[in-house]
Structure formats: structure tokens, C-alpha cells
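In: The following comprises the amino acid sequence and a computationally predicted model.
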Amino acid sequence: MERNASAQRIRTDRIRKKSEDYFDKVAATNMKIPEPVRCYECVLDRLGECPGGKLLDIGCGTGIMLADISEKFGERFSLHGLDLSGESLKIAGEKCGGAAELTKGDSENLPYEEGSFDILLCMHSFHHYPHPIKSLREMLRVLVPGGVLFLVENDHAAFRRARKNVRQILLRYPGGDIRMYSQKSLAALVKMAGFTIEEQENIANHSQILVCRK
């Protein structure tokens, strides 16, 4: 039992390091990945219906979304970002110009008090999480009662999703990707963690959004 737990920790740390290394390299290119960018406007529209509050972007990357929120809404939201990649956070700091408080960390151990945030964003980051339920329960913990999580993830057709998942396993998760989720499987995880789903739909070319309430 103890040996299995130790092996699991080693595997998790290895995958997390692959994600960190991959996004450190991506940050250096200052590359905008097209599909996530296509989803930003959809989330900004939904944030426009929120009264404001304290917002955390989990897996904030180079801060593109945080900078867009700051530009569009000014000081309506108190902005925070968390990411594994230190290089990404350096660029996020430059983009946000002090408008967001940025922290290096991972989704399974959010370094915040219970009930710290009114709104969480998790955009095209969830498929990198080795223990999705643990991450979702951490998100639930740091939300205020009635708080909302906007979860945006890939939504590939069944054959393409299966091919990507097999490829990740065979190549031993080269970029730290763990699994691409169907709408049904992602919804099941979110409900299992304790969230209520208010909305789930397709957006952009091959993405989905879930609006989840604590």
C-alpha cells in the first residue's frame, strides 16, 4: 500500500514537471494557442453578467485572460492568477502590469484560505491535472458559498479524443497532458466533486464550457 502511494507520488511529480517544463518553453515563444484564445470572448461575456468580486484564474499561463479582464472591466474584479510555470508568470506580470496578484503553484494544493474567491476560471488547463477530483475539490474549497467556476476544456470528437488519449499514454505524457474529456465524463467529475452544473455547451471550434456553482 505504502509502496503504491510512493509510486503514485513519483508519477504525479514527473507529469507535473513535464507540464512545467513544457509551458516554460511555450512562454519563451510568447505564443498564443489559437483554440483557447477563441474561448476568451465567451467567458468575458459571462463575466459581464457577474457583479464583480475576487477572481482566480487557475492555470493562468502568460496572463492573456487576466489582462483582458482588467482591460474590459477595470477594477470591478480583484484579479489573481496561479500557474506551475514560473516563466509564464513572469510574462503574465508584464502583461497585467500589477493588475493581478500572481502565484506559482498547482491545482491540487491551492495556497488560499477556504472561501477566498467569488469566481474561478480554469481554461484549457484541466487536462493536465493528474488527479482531477482532488483539483476540483480544492476549487470547491476556495470558493465562497454560491461562488462560480467557469471551466473551459477541449471537446474533441470521440475518435480524435481517443487517439489523443492513447498517444499521451504511449508517449508517457510528453507535454504533461493527462486526458481529454468528453462532455459526459467531465460533467460527471464536476458533479462528483460537489458542484452543481448550471450550463454546459460547445464553444469555439472544439471546446466546451461548464458553468459550475458551489
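Out: On my side now, so go ahead. Numbering: from 1, shown residues only.

In: Pairing partners for the residue nearest the centre of the chain in the sheet, please.
Out: With distances taken as CA atoms, centre = their mean, residue 122 lies nearest the centre of the chain, 2.9 Å away. Residues in a beta bridge with residue 122, per DSSP bridges, are residue 58, residue 151.

In: quick one, what contacts it?
Out: 57-59, 107, 139, 149-152 (CB atoms under 8 Å, 6 or more residues apart in numbering). In short, each C-beta sits where N, CA and C put it, glycine included.

In: Please repeat the previous calculation with a cut-off of 10 Å.
Out: By CB atoms under 10 Å, 6 or more residues apart in numbering, the contact set of residue 122 is 56-60, 82, 107, 129, 135-136, 139, 149-153, 210, 212.

In: same thing with residue 65?
Out: 36-37, 39-40, 43-44, 47, 57, 59, 79, 81, 92, 95, 100, 121, 123, 152.

In: 7 Å instead, please
Out: Shown in contact with residue 65 (CB atoms under 7 Å, 6 or more residues apart in numbering): 40, 57, 121, 123.

In: Would you mind listing which of these are buried?
Out: Taking 16 or more other CB atoms under 10 Å as the criterion, what is buried in the contacts of residue 65 is 40, 57, 121, 123.

In: Quick check on residue 16: phi, psi?
Out: phi -60, psi -40 (degrees, to the nearest 10).

In: need the helices for this structure, in chain order.
Out: Per DSSP state H, the chain carries helices over the ranges 2-29, 34-47, 64-73, 86-96, 132-142, 158-170, 183-193.

In: Make CSV out of these and add distance to residue 206 and mean pLDDT.
Out: Listed next are the helices of the chain as CSV, based on distance: least, CB to CB, whole Å; pLDDT from 0 to 100:
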stretch, distance to residue 206, mean pLDDT
helix 2-29, 19, 79
helix 34-47, 7, 93
helix 64-73, 19, 96
helix 86-96, 23, 95
helix 132-142, 19, 97
helix 158-170, 8, 79
helix 183-193, 12, 97
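
In: a markdown table for these, including distance to residue 113?
Out: Putting these into a markdown table (distance: least, CB to CB, whole Å) gives the following:
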| stretch | distance to residue 113 |
| --- | --- |
| helix 2-29 | 23 |
| helix 34-47 | 23 |
| helix 64-73 | 21 |
| helix 86-96 | 21 |
| helix 132-142 | 7 |
| helix 158-170 | 34 |
| helix 183-193 | 19 |
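
In: Show me the one of the ones you listed that comes nearest residue 203.
Out: With distances scored as CB to CB, the stretch of those nearest to residue 203 is helix 34-47 (4.8 Å).

In: Give me the residues contacting the closest one.
Out: Contacts of helix 34-47 (CB under 7 Å, 6+ apart): 65, 68-69, 72-73, 121, 123-124, 150, 152, 203-207, 209, 211.

In: cool, stretch 90-97 as well?
Out: 27, 30, 60-64, 66-67, 70, 81, 102.

In: picking that back up, among the contacts of helix 34-47, name the buried ones.
Out: Buried among those by 16+ other CB under 10 Å: 65, 68-69, 73, 121, 123-124, 150, 152, 203-204, 207, 209, 211.
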